[in-house]
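Colleague: from the sequence below, what's the structure:
(chains A and B)
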Amino acid sequence: MKRRRFLQAIAAAPAAPLAAQQAAPPAAPPSQFRGGQAAPPLQTTAADLTAAATAPAFFTPDQFAALRRLGSLLQPPMNGHPGAPEAGAPEFLDFLLGVSPPDRQLLYSNGLHALNAQAGKQFEKSFADLDDRQADAILRPLLVTIPWPEDLPRDPLRHFLAQAQRDFRTATENSREWAASDAASGRRRGRGFGGGSGLYWLPIDPVVKG
Amino acid sequence: MAAKEKEYDVLIVGSGHSGGMAANILTQKGISCLMLNAGPQADFARDRVVKPVYELPYRGFGQPGRHPHIYQANEFNANQWVDEREVPYTYDPDKPYNWVRVRLLGGRSLFWARESFRLSDYEFKAAEIDGTGDSWPIALADLDPYYSRVEAIFRVTGRKEAWPQFPDGNFVENTYPADSETIRKVIDLATARGIGCSKGRSSMGQNGLASSVNLLLPDALATGKLDIVPNAIVREISIDRNTGLASGAHFVDRHTGREMHVKARVVVLAAGCLESTRLLLNSGIANSSGVMGHYLIDQIYGINVVASVPEARDGKAPQGLMGGNTFMPRFRNLKKGEKRNFIKGYCVRISSGQDANPEYFAAYGEELRKKLASYAGSCVSGGIYGERVARFENHVRINRDVKDAWGIPVLHIVAQDSDNERNLAKDAADTIDELFHAAGWEPVSRTERYNPPGYSIHELGTCRMGDNPKTSVLNKYNQSHDIKNLFVVDGAAFVTCGWQNPTMTILALSMRASEYCAEQMRTGSI
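Modeller: As a prediction, this is how the structure comes out:
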C-alpha cells in the first residue's frame, strides 16, 4: 500500500469500541515511522570547509587589525605549521571574545587600544602598520615569564599580552589548518590538543526543559 | 504515604567508591539495599566519541565561563562535571574554593588518578606528632586488614619500603624500568640529605578502570539484593518522630522534579564529603556536637620547580640520561622536636625528560620556537602534594538564599590557608631547588604557588569521627553519635588529611563501617 493511501485508510476507519481496544494485541509501529528510521544519514560539510567566512563582530575594525597583526608576530608560520592568521586564529578569537565574560572582553579591548595608542605615539602609525622592528620595540618591554598559570601580570597591558600569546598559541595549534599541515608532512598528531583528537563526552542524559 | 512503598534494609546515598563499597559488603551479607544516585549513568560507548580538537565548538578552549572553578576541565571532558550554574555554591570573594564534582553513576571513581596510598600513624596519631590538633580514634593497625582487602580488589602496585610514614600494602608484584641518570642523580642527592626516594603506588583496577562501577557494584548487583536508582537527588533524611531514628529519605527526580520518599532501616551516606554534609545540614540532624561542617580540609597541590640538564639540550641527550620519575614520601617533621616553621609534611614528585612550558620564557615568535626546540626533553621538574591543617574556622554551612536547580539550599564554603601551608610550600620549593642546584642543572622556573583549596578534589572532614560525641559527629565506625542507624562512609569522616590520595582510606573505612553496620543489624542493635 502506498503511504498516502495508507494514511487515508487509517483516517477513514471507524473508532473501535473501548473493550475491543483493550483486548487488541499491541499494535506494530505504523510503517511510516519504520520508514523514517531507515533513512541513512546524508553527507554534510563543516561550515569552515565551505566558502563561508567568519565576519569579525566583536572587535572594532581598528582593534581587529591590531589583533591580526599581533597574531602574525606572536605566532608566525614556523616549522611547516601555519601561523595565526593562516589558521584563522584572529577570526576565531573575535568569536570567542564575543561570548566571553566582560572582564576578558575588556582586557582585550583595552589591550588592543593601548597597542594602537602606543604605535601612534612612537611611530605615528596604527599597530597593524608597524614593521617587525617597530612592533618589537613596543612588545618586548611587555614580555614576562609566568611560572604559575594563574599568576598573570597585574599590569593590564602585560596581562593582555600574556593572555593573547596563550590564546593565539591554542587557537592556532588547535586549528584544522595545523592538523592538515601535520598530516601533509607525516608528523604524528598529539592526543587531545595540538591539532590532535580526543574522546569527547557528549551531554549525558541532559535535563530537557520543555 | 504510598501503600506500595517498600522498606529496604539499607538506603545508600551515592555510588562512588564509598557507596559502592557499602553496597558490595552489605548485599553480600544478604542485606537488601537501595542506592540513590543524583545523576545519570554514563554509557562509555554511547556517550563518548573521538573528535579532532578543531571540530569542537570552541576549538579546545571550552565554553567561556562554564567551569570557572574546575581547572581540570577541558572541552573534551566538560560534560562529565557538575555544572555549578545548575548546582551552585557560594564563598567569600577573597576565599575562592574549587569544588569539583561528578554526579554520574560511579561518581568521581570514574575519573580519579588511581594513586593509592595508606595513611600512616603520622596522620592517624597526628596530635601526638604535631603537639597540637586532634588524632583519629583509630590507628593504622585498626585499618590494616581492610586496606589489604581493598588493595587486593583494586590491584594496587607499589614498591615496599618498610618506612613508617609510607606504610606498605598488599601489592601486586611490579617491575620498574631502570632509572635514568638524572633520576639516579636526584635519588643520590636526596638520600644524602636523609630523604627517601620510592615509586608511586597506583590501582591497576581492570581494563584501566578502578571504579565502583566495575570493581564493586557488579558483585553487589549479582546478589539480587541491590536496586540502583539514577537521577534521584536526595534533599532530606527523614526521621521517625517516635524513635528519633532515620527512616529513609525524600528525593527529587532529576528530570521531572517529582518528589518521592523511600523507607529504610538504616541510612548510609556516601554522596561525597561535602554533599553528605550538605544533606545532613539541610536535614537538621546529627549535629549535637556543633562541629558538623567544620574542620574542612584538603591537600595542597602545587609549587613548580623546573631545571634544564645542559647535556640534554638541543636534542643531544644520550640514551639513558633523561626520563622517568621518583617519588619522595613525607620526610619532614617525622621526629618529635624537629624545629620547622610548619607542622605536618608533603611528598615530592620529580619527573625527568620534559619539554619547557612556553610561558617560562619572555620571548615570542621564532625566538620562542628556537628556545622551546633547544629545551625540548631537557627539563626536570618537581611538585608536591602537601597536607593542610584541619581548623575549626574552615567550614561549610547552608546558604538558604541560594538554591540549586531542584530548589535545595546550597553550601557556603569557607576555606583559607594559614602561614603553615605557605611555609610548608616554601620549604618544598627550597628543597627541590637545592637538589637541582646541587645536580648542576640550569634553573628554568620556580614558584611556591599552589592551587586554591578544593583543587585536589580531596575535600575531607566536616563530619569528623572521634570518641567524644561533644567534639565529633561520628564514632570510630563512621556511625552517627546521635542517630545510631545513620552512617557517613565517605571522606567527611576524616580527622586529618595527610598528603596521601585518600581513596584507599575512604574504601577501607567504608568496608569496615559496613561490616560493623551489618553485624549491628544482625544482632538487632540497629
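Colleague: who is B:Glu236 paired with across the strands?
Modeller: B:His250 (DSSP bridges).
Colleague: show the pLDDT at it.
Modeller: For B:Glu236, the pLDDT comes out at 98.
Colleague: surely it meets B:His250?
Modeller: Yes - the criterion here is Cβ atoms under 8 Å, and B:Glu236 meets it with B:His250 at 4.6 Å. (C-beta placed from N, C-alpha, C; glycine too.)
Colleague: quick one: the helices in chain A?
Modeller: A:3-12, A:18-23, A:31-37, A:61-74, A:89-98, A:102-123, A:132-139, A:156-173, A:176-185 (DSSP state H).
Colleague: and these: which comes nearest B:Ala42?
Modeller: For the helices of chain A, proximity to B:Ala42 was assessed by Cβ to Cβ; helix A:31-37 is nearest, at 25.0 Å.
Colleague: is stretch A:130-140 anywhere near chain B?
Modeller: Yes - shown here: stretch A:130-140 in contact with chain B (Cβ under 8 Å from any Cβ of the partner chain) through A:Leu139.
Colleague: what pLDDT, on average, does that stretch get?
Modeller: 98.
Colleague: which residues does that stretch contact?
Modeller: A:Arg69, A:Leu73, A:Leu115, A:Gln118, A:Ala119, A:Gln122, A:Phe123, A:Lys125, A:Phe127, A:Leu161, B:Tyr364 (Cβ atoms under 8 Å, 6 or more residues apart in numbering or on different chains).
Colleague: any buried residues in that stretch, and which?
Modeller: By 16 or more other Cβ atoms under 10 Å in any protein chain shown, the buried positions in stretch A:130-140 come out as A:Leu130, A:Ala135, A:Ile138, A:Leu139.
Colleague: what of stretch B:162-175?
Modeller: Under 16+ other Cβ under 10 Å, the buried positions of stretch B:162-175 are B:Gln165, B:Phe166, B:Pro167, B:Gly169, B:Asn170, B:Phe171.
Colleague: how far is it from where the chain is centred?
Modeller: Distance of stretch B:162-175 from its chain centroid, counting by Cα atoms, centre = their mean, to the nearest Å, is 20 Å.
Colleague: which residues are contacting that stretch?
Modeller: Residues outside stretch B:162-175 that contact it (Cβ under 8 Å, 6+ apart) are B:116-122, B:140, B:144, B:147-149, B:151-152, B:155-161, B:196, B:198, B:201, B:204, B:329-331, B:334, B:345, B:504.
Colleague: one more time with 6 Å
Modeller: B:118, B:120, B:122, B:147-148, B:151-152, B:155-158, B:160, B:196, B:329-330, B:334 (Cβ atoms under 6 Å, 6 or more residues apart in numbering or on different chains).
Colleague: what's across from the closest residue to B:Phe76 other than its chain neighbours in the sheet?
Modeller: Of all residues not flanking B:Phe76 in the chain, A:Gly198 sits nearest, at 4.4 Å (Cβ to Cβ, 6 or more residues apart in numbering or on different chains). Under DSSP bridges, the beta-bridge partners of A:Gly198 are B:Lys51.
Colleague: taking the buried residues of stretch B:162-175 together, which two end up most distant?
Modeller: Maximum distance among these (Cβ to Cβ): 18.6 Å, for B:Gln165 and B:Asn170.
Colleague: enumerate the residues of chain A near chain B.
Modeller: Applying Cβ under 6 Å from any Cβ of the partner chain, we find that chain A lies next to chain B at A:73-74, A:76, A:78, A:92, A:99-101, A:143-148, A:171, A:174-176, A:179, A:193, A:197-205, A:207.
Colleague: quick one, which of the residues you listed are buried?
Modeller: Buried among the residues of chain A next to chain B by 16+ other Cβ under 10 Å: A:73-74, A:76, A:92, A:100, A:143-144, A:146-148, A:171, A:174-176, A:179, A:193, A:197-198, A:200-201, A:204-205.
Colleague: one step back: go through the helices of chain A and name the closest to A:Thr54.
Modeller: helix A:89-98 (4.2 Å).
Colleague: could you dump the buried residues of stretch A:130-140 to a markdown table with distance to B:Asn77?
Modeller: A markdown table is the format used below for the buried residues of stretch A:130-140 (distance: Cβ to Cβ, whole Å):
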| residue | distance to B:Asn77 |
| --- | --- |
| A:Leu130 | 41 |
| A:Ala135 | 38 |
| A:Ile138 | 39 |
| A:Leu139 | 35 |
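Colleague: and which of the residues you listed is nearest chain B?
Modeller: Checking the buried residues of stretch A:130-140 against chain B by Cβ to the nearest Cβ gives A:Leu139 as the nearest, at 6.8 Å.
Colleague: OK, contacts around the spatially most central residue of chain A?
Modeller: Closest residue to the average C-alpha location of chain A: A:Phe92 at 5.7 Å, with Cα atoms, centre = their mean. By Cβ under 6 Å, 6+ apart, the residues touching A:Phe92 are A:Ala171, B:Arg59.
Colleague: okay, it and A:Ala180: tell me how far apart.
Modeller: 16 Å (Cβ to Cβ, to the nearest Å).
Colleague: same check, this time on A:Thr60
Modeller: In terms of Cβ to Cβ, A:Thr60 sits 31 Å off from A:Ala180.
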